[in-house]
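Asks: Just a sequence and a predicted model for now, questions to come.
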Amino acid sequence: MVVIDNHPISHKGNLMKVLFRLFMGVLLGIVSGLYAPEMVNQLLVSIKVLFGEFLFFMVPLIIFFYVATGVATGEGSNKKALGAIGLSYTSSTLAGLLAVAVGYFVIPMLPIADPAVIQGLTGSSIEPFMFANMIKLPALMGVIPTVVLALVVGLGLHTKAHTLLDVLNDGKDVIDSVLNRIIIPLLPLYIMGVFAQLSASGTVLPTIMLFAPVIGMLLVAQILWVIILFTMTGLVTKRNPIKDIRTMLPAYFTAIGTMSSAATIPVTTRCIKALGIKESTAEFVAPLCATVHLSGFMVAVNLITMTMATLFGVDLSLQVMLFYTLTAGIICIGAPGVPGGGFLAIAGIMVSVAGIPEAAIPLIITLFIAQDSLSTAVNVTGDGAIALLVDK
């Protein structure tokens with residue numbers, strides 16, 4: 001998950017730092033749960049509880065400011081830009097629906113229904129200090145009302161210079177600062193507290209073993225979506241989808257290395273031009289889709305959500321998943337660009353719509369960021385299909 005910036009290399013460096021710190025959080029949490037005094041582990045769990053309160057307090061604010069400003073500043077005067085945004089939302093939503101189909105078919109066959117993991121996350125013998133349970137930060141608004149309000153405000157201000165739009169942009173800057181200076185830096189402590197609990201309860205190994213089959217499923221589903229997307233595009237444009245996918249492969253592998261859609265824009269643009277698309281189209285589709293076309297992200301979000309639902313015994317009906325996917329697609333349009341920031345915006349509907357327990361969120365964050373480069377690679381590869389349709 002990225003945002004257009006002038007320093008793509010530094011973005012890659014930031015993501016690598018986040019990945020390293022999360023890994024250290026997992027490792028130190030395991031060591032602490034096994035060997036540290038009980039008071040140390042109580043402190044870590046207390047930090048986890050307090051950080052969780054703050055995180056879910058911030059989720060509606062993240063959604064509101066990013067979605068409202070994203071809709072309000074969506075280059076509405078440019079019909080091609082509106083077309084690219086519409087196609088990106090459609091692609092992301094269809095990718096999410098594919099993930100739902102894959103999830104219903106594959107997840108029941110995976111060895112993930114381990115009650116030990118649930119016990120470690122929800123029934124640990126390590127209790128936080130009393131003060132941690134006394135501090136409550138209820139969200140200012142529910143997630144779904146927040147999405148609706150953001151859409152109403154964003155559409156009302158669309159393409160108009162307005163004082164309120166300046167206020168929203170300032171608010172978005174504040175959210176950026178909170179994410180980059182507080183939430184993202186403290187995530188490793190949050191994760192550390194979780195794995196200290198798991199380690200102390202003896203369930204850390206089943207939890208780590210959960211990651212491998214899920215990431216494998218994500219990879220297969222994301223590649224399947226790329227094939228489907230370019231096949232549908234080929235039917236519309238009368239082109240060979242295999243050749244078009246092959247042309248976009250440099251962008252795919254570059255994104256795996258950079259872990260950033262923004263850092264991959266030069267390669268993505270070159271690949272789109274190599275498809276035979278007009279230079280002007282390629283040069284606006286690549287940077288625009290880097291922030292609004294998140295089909296790989298949607299595959300990951302839906303499959304991870306369904307995996308956690310299976311693990312925790314949450315019954316996700318098809319109706320719930322359809323609503324969840326449509327709502328997540330809207331949030332994606334304005335999702336924040338810090339590493340894992342898009343997921344933080346989605347976390348609210350994971351809990352409120354899908355019914356995933358809050359106790360699962362730190363584990364999901366770790367899993368999501370671990371596969372982020374795969375999602376990014378699918379995002380930028382799919383940008384080629386969007387460009388072909390816009391250029392038609």
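Replies: Good, I have the coordinates.
Asks: Would you mind listing the buried residues in the strand or helix carrying residue 91?
Replies: According to DSSP states H and E, residue 91 maps onto helix 79-106. Using 16 or more other C-beta atoms under 10 Å as the test for burial, helix 79-106 gives 81, 84-85, 87-89, 91-100, 102-103, 106. The C-beta positions use only the backbone N, C-alpha and C, and glycine is treated the same way.
Asks: gap between residue 191 and residue 351?
Replies: As judged by C-beta to C-beta, to the nearest Å, residue 191 and residue 351 stand 18 Å apart.
Asks: what about those two, which has more around it?
Replies: It is residue 191, of residue 191 and residue 351, that has more neighbours when counted by other C-beta atoms under 10 Å, with 25 against 16.
Asks: check contacts around the more buried one.
Replies: 22, 25-26, 29, 362, 365-366 (C-beta atoms under 8 Å, 6 or more residues apart in numbering).
Asks: Who wins on neighbours among those residues?
Replies: Greatest neighbour count in the contacts of residue 191, by other C-beta under 10 Å, goes to residue 29: 29 neighbours.
Asks: ok now do it, which residues does it touch?
Replies: Neighbour list for residue 29: 44, 191-196, 198-199 [criterion: C-beta under 8 Å, 6+ apart].
Asks: Could I get the contacts of residue 191 in JSON lines, plus columns for secondary structure, distance to residue 60 and pLDDT?
Replies: Output for the contacts of residue 191, formatted as JSON lines (DSSP: H, G, I helix; E, B strand; the rest coil; distance: C-beta to C-beta, whole Å; pLDDT from 0 to 100):
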{"residue": "22", "secondary structure": "helix", "distance to residue 60": "25", "pLDDT": "74"}
{"residue": "25", "secondary structure": "helix", "distance to residue 60": "26", "pLDDT": "84"}
{"residue": "26", "secondary structure": "helix", "distance to residue 60": "28", "pLDDT": "82"}
{"residue": "29", "secondary structure": "helix", "distance to residue 60": "28", "pLDDT": "86"}
{"residue": "362", "secondary structure": "helix", "distance to residue 60": "19", "pLDDT": "77"}
{"residue": "365", "secondary structure": "helix", "distance to residue 60": "18", "pLDDT": "79"}
{"residue": "366", "secondary structure": "helix", "distance to residue 60": "23", "pLDDT": "75"}
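Asks: distance between the ends of stretch 107-127?
Replies: With C-alpha to C-alpha, to the nearest Å as the measure, stretch 107-127 spans 32 Å from end to end.
Asks: now that stretch: mean pLDDT?
Replies: For stretch 107-127, mean pLDDT rounds to 63.
Asks: Could you do stretch 166-184 as well?
Replies: Across stretch 166-184, the per-residue pLDDT values average to 84.
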